[in-house]
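Trainee: Sequence plus predicted model, see below.
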Amino acid sequence: MRTVHVLLCSESGELVGGGELSLLDLVTALVPSRFAPVVVCPGPGALVERLRAGGIPVEILPFPPWRSLRAIGVLRTLARLAALVKARRISLLHVNATGRVALCAGLVGRWRRVPVIWHVRVKEPEGWKDRLLARLATRIVVNSGAVAMRFTGSARAKVTLIHNGIDLRRFTPGPPSEELRRGLGLPAGVPVVGSVGRFVAYKGYAYLLEAARLVRQKIPEARWILVGDGELRGELEAQCRRLGLDGAVTFAGWRERVGDYLALFDLFVLPSLGEHFGRVLLEAMAMGKAVVATDAGGVPEIVRHGETGLLVPPADPEAMAAAVVSLLQDRALASRLGAAGRRRVESEFSLGRHVEAVEAVYASLLDAIGDRL
């Protein structure tokens, strides 16, 4: 059985979101006797460093942005990418990106007659760009049914749904760190509600803070820990002050060891207005935490209302607050939901299950061109 060389193209060299984390998990979990991954990133960053530390070859190749797609720049990038495909004896191109990266990879795939997988993780359509990139792709992989709705017509026939998966060894129920609790100034015994994500508009954190104000009226001792960062952090901190939540909400900043914070939470809240998938929900559920999440986008594919958590309408702080209060006041229910969430992640969203599904797509494309494993 020969080893197949796969070139994975990333949107970024940084760990900017769930897409990059999923790519990192995938390439480190591919069966090494069958697949030899090489990753292309448009620039340096934490993702590049993590990949190289794990022994994964990485090439840095800048891609011209859409707005400045000049012929000479595009041709130079295409030539460099095609040369890399030839030099590395690449049999598959797996594009974990959109826009310019997917365009260049798709064109090189056609040029070198190498199958191209376009892995799409965002549900908002992009019109003619989608139509062009879908034509260049041999197969389109989406991470949720919500994202699959982005494609219609002939492009829809190319779509394969593969949910994200997480490494259950990294996210497993356990006691919280007392040192971390003290560092965050959390008194013993107070209920802790937490969330993890980027502070951007569609993540809905302004509504979460309104919900925190309402929860405080019923459970004044409740504390909120927000792990993350982003362009709206200053606005959210100002909103906290206006709502009188200074002592109740802690902005913890971005943290790589998210599991340590999840272990502290009695309850996890995802306030997104329309999540493409919701990888962080898997992490919280794997830690045995009951979740309150918005009933939008790909979230209902993960959270089963009344079974692994509670779903509420997006942009509805009253409903979110009521769900949080109900679970903080009924710890037995929260415990049951958390345990069921762990079981669901184990059965449906493990990293092993995800990798097997991706490897099956690889095998089917290679079989189609007579290049068997």
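Mentor: Yes, it's here. Numbers count the residues shown, from 1 in each chain.
Trainee: Report the contact partners of residue 32.
Mentor: Counting by Cβ atoms under 8 Å, 6 or more residues apart in numbering, residue 32 touches residue 3. For every residue, glycine as well, the C-beta is placed using N, CA and C.
Trainee: now do 10 Å
Mentor: 3, 55 (Cβ atoms under 10 Å, 6 or more residues apart in numbering).
Trainee: same thing with residue 325?
Mentor: If a contact means Cβ under 10 Å, 6+ apart, then residue 325 has 211, 214, 215, 217, 218, 219, 222 as its contacts.
Trainee: how deep is residue 45 tucked in, by neighbour count?
Mentor: Using other Cβ atoms under 10 Å, residue 45 has 17 neighbouring residues.
Trainee: I'd assumed residue 11 was in contact with it.
Mentor: No: Residue 45 lies out of contact with residue 11 (Cβ atoms under 10 Å); the separation is 11.1 Å.
Trainee: Double-check that residue 319 belongs to a strand.
Mentor: No: residue state for residue 319 (DSSP: H, G, I helix; E, B strand; the rest coil) corresponds to helix; a strand is not indicated.
Trainee: circling back: which residues do residue 45 and residue 11 both contact?
Mentor: Joint contacts of residue 45 and residue 11 (Cβ under 10 Å, 6+ apart) are residue 20.
Trainee: before we move on, back to that, how about the contacts of residue 325 in JSON lines, adding neighbour count?
Mentor: Formatted as JSON lines, those follow (neighbours: other Cβ atoms under 10 Å):
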{"residue": "211", "neighbour count": "27"}
{"residue": "214", "neighbour count": "16"}
{"residue": "215", "neighbour count": "24"}
{"residue": "217", "neighbour count": "9"}
{"residue": "218", "neighbour count": "14"}
{"residue": "219", "neighbour count": "16"}
{"residue": "222", "neighbour count": "19"}
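Trainee: Let's have those residues in CSV, adding distance to residue 313.
Mentor: As requested, these are arranged in CSV below (distance: Cβ to Cβ, whole Å):
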residue, distance to residue 313
211, 12
214, 15
215, 17
217, 20
218, 20
219, 22
222, 22
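Trainee: now residue 250: how far from residue 183?
Mentor: Residue 250 is 10 Å from residue 183, where distance means Cβ to Cβ, to the nearest Å.
Trainee: the more surrounded of those two?
Mentor: More neighbours surround residue 250 than the other of residue 250 and residue 183, with 18 against 10 (other Cβ under 10 Å).
Trainee: Who are the contact partners of the more buried one?
Mentor: Residue 250 makes contact with 184, 185, 186, 192, 194, 223, 224, 225, 226, 227, 240, according to Cβ under 10 Å, 6+ apart.
Trainee: Tell me the buried residues in the host helix or strand of residue 342?
Mentor: Per DSSP states H and E: residue 342 is located in helix 331-348. By neighbour count on 16 or more other Cβ atoms under 10 Å, the buried set for helix 331-348 is 334, 337, 338, 340, 341, 342, 344, 345.
Trainee: and that helix, what does it pack onto?
Mentor: Contacts defined by 3 or more Cβ pairs under 10 Å, 6 or more residues apart in numbering; DSSP states H and E place helix 331-348 against strand 267-270, helix 279-286, strand 291-294, strand 309-312, helix 317-329, helix 351-368.
Trainee: domains in this structure, as residue ranges please.
Mentor: 4-165+350-368, 178-348 (automatic domain parsing).
Trainee: Mean pLDDT lowest where, among those?
Mentor: Mean pLDDT values for the domains of the chain show the minimum at domain 4-165+350-368, a mean of 92.
Trainee: That domain spans what distance, first to last residue?
Mentor: Terminal residues of domain 4-165+350-368 lie 15 Å apart, using Cα to Cα, to the nearest Å.
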